[in-house]
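*Asks:* how would this look folded up:
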Amino acid sequence: DFFCPYVSIPNMGPEQRLDMARRSGYQTWLAGNHPRESVELLYQQSFHSMGSVPFPERESPAFWLFLRFVDQFMIEQLITPGRQVLPELAMEVRVDKDAIHNGDETTWFEHDLALSDEQLRGSYWGAYYGANNQGELLDASVALRHFDYMLDEVSDHGKNTKHIVEQFNFADNTPGFVGHHAQIEEDELPAFLEGAAQLLKQKSRGYGLWAYRDYVDSAIYNASFELDLHGWETQGEVAVVENADGDQALNMQPLSVISQTFVPFARFAGLGSSEQVTFCANFKPLAEPARITLLLNGTNLAALDISEAGQQCVSMDAQAIKQSEVVFSVMSDAEIQIDDLRLYSFVQVLGVYDENGNPGPLRDLIVRMNTDWLAD
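*Replies:* Purely as a prediction, here's the structure:
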């Protein structure tokens with residue numbers, strides 16, 4: 001799915017869109033496929049030549065031309081030549097339909113699903129697909145109907161099942177989507193998954209989870225020191241070492257400090273609506289109990305008392321970190337080993353395993369789906 005161009009290029013400034021239209025071959029494609037009069041009609045303006053036509057803005061009726069170009073570009077300029085080198089090169093098709101606005105009228109652009117492709121294709125599905133997306137909760141029967149509709153489209157009603165639903169997003173709490181996108185009711189998920197398993201077996205070659213394990217949206221770069229101290233500023237004596245698991249960790253001597261400078265709103269998902277941020281790390285005292293102090297721009301933010309090896313966490317008011325730029329620091333008053341640091345305001349939850357690797361409420365259902373599939 002060539003998703004980034006859909007969301008980034010139409011929102012660029014006019015000079016960037018003109019430059020991208022020239023460099024990408026869009027202007028040449030227009031000249032070879034569409035009369036200038038029809039292009040001007042969709043753009044609602046005149047051009048002295050195709051060389052002056054930029055990529056359209058998102059709300060322009062000419063967005064239709066842009067979508068057609070991107071679909072053809074992906075297949076003709078990327079996939080087809082790529083298969084000369086990698087014969088089994090596959091692609092993810094865009095199953096979403098994109099709105100084309102023309103005044104008060106809206107039409108929907110249907111993307112090329114490559115139904116005749118002999119290679120495996122990728123597809124995706126979320127509960128928002130086919131829904132009103134006004135924050136509604138769906139029961140299993142409605143969600144299954146929407147899922148079946150998508151599978152029929154991407155498989156040509158079962159004629160070409162050579163695709164994998166590689167992003168099977170039956171649950172999604174992504175900031176910005178919650179409260180807007182439809183969701184499957186939590187107690188309806190077991191029934192939905194049981195029904196979805198049968199549909200997947202009939203109309204696909206498999207599925208993949210966006211994440212089998214919940215994960216945090218951490219702001220900390222190189223949090224496990226696998227890149228040594230890249231991205232970190234240090235004070236005092238610290239050393240990257242190999243820990244008992246064969247991974248890298250950091251040994252901190254008394255009163256040593258490690259810091260990172262970052263822009264919070266660029267590092268955290270949904271920080272604006274977050275009330276708390278959480279810090280977690282794996283600690284191992286090397287001589288005596290240690291006190292870990294967290295600092296923000298040199299001011300104490302929170303503290304952790306570490307007396308034994310293991311993960312410890314502390315939550316803090318998010319308001320303090322809602323700044324244009326911050327320096328986040330970790331200081332120890334005793335010799336300690338630290339690893340796997342996380343500073344986050346959001347956990348992406350799918351319910352199979354939690355962020356610490358513990359089985360979630362849907363784990364057994366997913367295992368049963370896989371077991372039944374392999375048994376057939």
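*Asks:* where do the helices sit along the protein?
*Replies:* Counting by DSSP state H, residue ranges of the helices within the chain are 3-8, 14-24, 26-33, 36-43, 63-73, 80-85, 140-155, 189-203, 264-267, 363-375.
*Asks:* tell me what the first one is packed against?
*Replies:* With contacts defined as 3 or more C-beta pairs under 8 Å, 6 or more residues apart in numbering; DSSP states H and E, helix 3-8 has these neighbours: helix 63-73. Using the backbone N, CA and C atoms, a C-beta is placed for each residue, glycine as well.
*Asks:* Residues contacting the helix it packs on, please?
*Replies:* 2, 5-6, 9-10, 24-26, 29-30, 34, 39, 42, 55-57, 94, 98, 100-101, 107, 109, 111-112 (C-beta atoms under 8 Å, 6 or more residues apart in numbering).
*Asks:* One more pass at 6 Å, please.
*Replies:* Counting by C-beta atoms under 6 Å, 6 or more residues apart in numbering, the neighbours of helix 63-73 from elsewhere in the structure are 2, 5, 26, 29, 55-56, 98, 100, 109, 111-112.
*Asks:* before we move on, what about stretch 312-324?
*Replies:* Contacting residues not belonging to stretch 312-324 are listed as 264, 274-280, 296, 301-302, 304, 345 [C-beta under 6 Å, 6+ apart].
*Asks:* Likewise for stretch 238-246?
*Replies:* The set of residues external to stretch 238-246 that reach it, using C-beta under 6 Å, 6+ apart, is 225, 228, 248-252, 256.
*Asks:* average pLDDT across that stretch?
*Replies:* Confidence over stretch 238-246 (mean pLDDT, whole number) is 91.
*Asks:* Convert the C-alpha atoms of it to PDB, please.
*Replies:* Coordinates of each C-alpha in stretch 238-246 appear next as PDB, following Å, rounded to 0.1, in the frame of the first residue of the first chain:
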ATOM      1  CA  VAL A 238      29.000   5.200  32.700                       C
ATOM      2  CA  ALA A 239      29.900   2.100  30.500                       C
ATOM      3  CA  VAL A 240      28.000   0.000  28.000                       C
ATOM      4  CA  VAL A 241      28.400  -3.700  29.000                       C
ATOM      5  CA  GLU A 242      27.100  -7.100  28.000                       C
ATOM      6  CA  ASN A 243      24.400  -8.300  30.400                       C
ATOM      7  CA  ALA A 244      23.600 -11.800  31.500                       C
ATOM      8  CA  ASP A 245      21.300 -12.300  28.500                       C
ATOM      9  CA  GLY A 246      24.000 -11.400  26.000                       C
END
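*Asks:* Buried residues in that stretch, which are they?
*Replies:* 238, 243 (16 or more other C-beta atoms under 10 Å).
*Asks:* From one end of stretch 19-28 to the other, what's the distance?
*Replies:* Across its full length, stretch 19-28 reaches 13 Å between end residues, using C-alpha to C-alpha, to the nearest Å.
*Asks:* pLDDT at the nearest residue to residue 131 once chain neighbours are set aside, what is it?
*Replies:* Setting aside the residues directly before and after it, residue 131 is nearest to residue 182 in space (C-beta to C-beta, 6 or more residues apart in numbering), at 3.5 Å. For residue 182, the pLDDT comes out at 95.
*Asks:* Not counting sequence-adjacent ones, nearest residue to residue 145?
*Replies:* Across the structure, with C-beta to C-beta, 6+ apart as the measure, the residue nearest residue 145 apart from its sequence neighbours is residue 130 (7.9 Å).
*Asks:* Tell me how many other residues crowd that neighbour.
*Replies:* 18 (other C-beta atoms under 10 Å).
*Asks:* Please pick the buried ones from the contacts of stretch 312-324.
*Replies:* By 16+ other C-beta under 10 Å, those give 264, 274, 277-280, 296, 301-302, 304, 345 as buried.
*Asks:* Give me the domain ranges for this protein.
*Replies:* Dividing the chain into domains by automatic domain parsing, as the record does, gives the ranges 3-203, 215-348.
*Asks:* low-confidence ranges in the stretch 201-350 of the chain?
*Replies:* Low-confidence regions of the stretch 201-350 of the chain, defined here as pLDDT under 70, do not occur.
*Asks:* OK, contacts around the closest residue to residue 298 other than its chain neighbours?
*Replies:* By the measure of C-beta to C-beta, 6+ apart, the closest residue to residue 298 outside its immediate chain neighbours is residue 327, 7.1 Å from it. Residues in contact with residue 327, defined by C-beta under 6 Å, 6+ apart, are 259, 261, 297.
*Asks:* how deep is the second one tucked in, by neighbour count?
*Replies:* Other residues within reach of residue 261 by the criterion other C-beta under 10 Å amount to 12.
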